[in-house]
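Colleague: Here is a sequence with its predicted model. Questions after.
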Amino acid sequence: MRLKINWDALGVFASIACAIHCAVLPLFISSLSLLGVNIIKNTAFEYGMIFLAFAVGLYSLYHGVRKHHRSFWPVLIFSIGMLFLFAKQLWHQWEIWFLVPAVTCIVTAHYQNYRLCRTHATTHEGGCAH
């Protein structure tokens with residue numbers, strides 16, 4: 001039995017986990033330093049997570065575009081969200097102003113991709129394995 005991964009669901013989960021990470025982690029700054037955890041404001045860690053989210057998200061959207069609906073709107077919306085995430089890293093003083101639209105765009109892109117994959121007339125044509 002093959003394990004099937006719903007990449008859109010994984011992308012939405014990763015986006016929500018990222019939003020929780022960005023919103024909740026600052027609340028624990030003082031206690032994490034007591035435990036020796038040093039991932040807060042670690043630039044390499046933050047960029048690594050953004051690139052990981054970008055890779056997973058782009059892969060899930062690519063499958064939908066190529067195999068199902070041929071609409072690039074989800075990819076465009078996702079790319080705008082990723083640009084907001086990069087802007088959040090560059091301009092920390094406006095972090096929350098970039099984070100909210102970033103997560104909104106990324107989750108919307110995955111939802112649109114999922115919806116288009118399920119409603120388009122050519123769903124499961126052309127060798128789709130699921």
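Modeller: Alright, I've got the coordinates. Since this is a predicted model, take the numbers as computed values, not measurements.
Colleague: from here on, contacts and neighbour counts on C-alpha atoms
Modeller: Fine.
Colleague: Which parts of the helix or strand hosting residue 98 count as buried, going by neighbours?
Modeller: In this assignment (DSSP states H and E), residue 98 forms part of helix 95-119. Residues of helix 95-119 classed as buried by neighbour count (16 or more other CA atoms under 10 Å): 95, 98-99, 101-114, 116-117.
Colleague: mind listing the helices for the protein?
Modeller: Along the chain, the segments classed as helices by DSSP state H run 7-24, 29-35, 43-64, 73-90, 95-119.
Colleague: possible to save those helices as TSV with mean pLDDT?
Modeller: Converted to TSV, these look like this (pLDDT from 0 to 100):
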stretch	mean pLDDT
helix 7-24	76
helix 29-35	61
helix 43-64	84
helix 73-90	93
helix 95-119	88
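Colleague: Check which helices and strands the helix holding residue 98 is in contact with.
Modeller: helix 7-24, helix 43-64, helix 73-90 (3 or more CA pairs under 8 Å, 6 or more residues apart in numbering; DSSP states H and E).
Colleague: Recalculate using a threshold of 6 Å.
Modeller: Here helix 95-119 touches helix 73-90, going by 3 or more CA pairs under 6 Å, 6 or more residues apart in numbering; DSSP states H and E.
Colleague: Now the helix it packs on: buried residues?
Modeller: Residues of helix 73-90 classed as buried: 74-75, 77-82, 84-89 (neighbour count, 16+ other CA under 10 Å).
Colleague: Let me have those in CSV, extended by distance to residue 16.
Modeller: Shown next, in CSV, are the buried residues of helix 73-90 (distance: CA to CA, whole Å):
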residue, distance to residue 16
74, 17
75, 18
77, 16
78, 14
79, 17
80, 17
81, 13
82, 14
84, 15
85, 13
86, 17
87, 18
88, 16
89, 18
